[in-house]
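Please work out how this folds:
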Amino acid sequence: LPGFENVPKDVSAATVGNGQTGFLLTIAIIAVLEATVFVQDESKEPGNFGNPLPLVGDDYSDEMRARELNNGRIAMFAAVGQIAAGLYTGKSGIEQFGA
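Numbers count the residues shown, from 1 in each chain. Predicted coordinates:
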């Protein structure tokens, strides 16, 4: 993105110059979405927001919900692994692959 050329490509980007601005903007967008779009409906069970993007129909079943939860768990585990590896090696995720 324009203006982000000199921002580090690792976890330290959230604390440096334009990277910090981008990080805070991302947090602000998430906060607005949490406060306006993803509001808990009292008539539904906690965490049940339905299908937020029904492009190919409304496939909101217990099986699909379990798949989405497992996908989110794996994604969080992968992100923690990439951050830990970046802090340990001092390299970005792409640099760790030898690129």
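
How about the contacts made by residue 58?
Neighbouring residues of residue 58 by CB atoms under 8 Å, 6 or more residues apart in numbering: 50, 51. The C-beta positions use only the backbone N, C-alpha and C, and glycine is treated the same way.

ugh, typo on my part, it should be residue 79
Contacts were defined as CB under 8 Å, 6+ apart; by that measure residue 79 touches no other residue.

let's see it at 10 Å
Listed by CB atoms under 10 Å, 6 or more residues apart in numbering, the contact set of residue 79 reads residue 93.

where does it land in three-state SS?
helix (DSSP: H, G, I helix; E, B strand; the rest coil).

Could you list the low-pLDDT ranges of the chain?
Within the chain, the segments meeting pLDDT under 70 span 1, 99.

Could you pull out the helices in it for me?
17-36, 62-89, 93-96 (DSSP state H).

What residues sit buried inside the last one?
Spelled out, that is helix 93-96. Neighbour-count burial for helix 93-96, counted by 16 or more other CB atoms under 10 Å, picks out residue 93.

List of residues touching it?
Applying CB under 10 Å, 6+ apart, the external contacts of helix 93-96 come out as 9, 10, 11, 79, 81, 82, 83, 85, 86, 88, 89, 99.

Touching, the third one and residue 91? I think so.
Think residue 11. No. The criterion here is CB atoms under 10 Å, and residue 11 misses it with residue 91 at 11.2 Å.

For residue 10, give me the backbone phi and psi.
Here the main-chain torsion angles of residue 10 (degrees, to the nearest 10) amount to phi -120, psi -170.

ok, it to residue 71 distance?
25 Å (CB to CB, to the nearest Å).

Residue 18 too?
31 Å.

neighbour count winner among those two?
Set residue 18 next to residue 71 and count neighbours by other CB atoms under 10 Å: residue 18 wins out with 15 against 10.

Residues contacting stretch 63-78, please?
Contacts for stretch 63-78 (CB under 10 Å, 6+ apart): 47, 48, 50, 51, 59, 60, 61.
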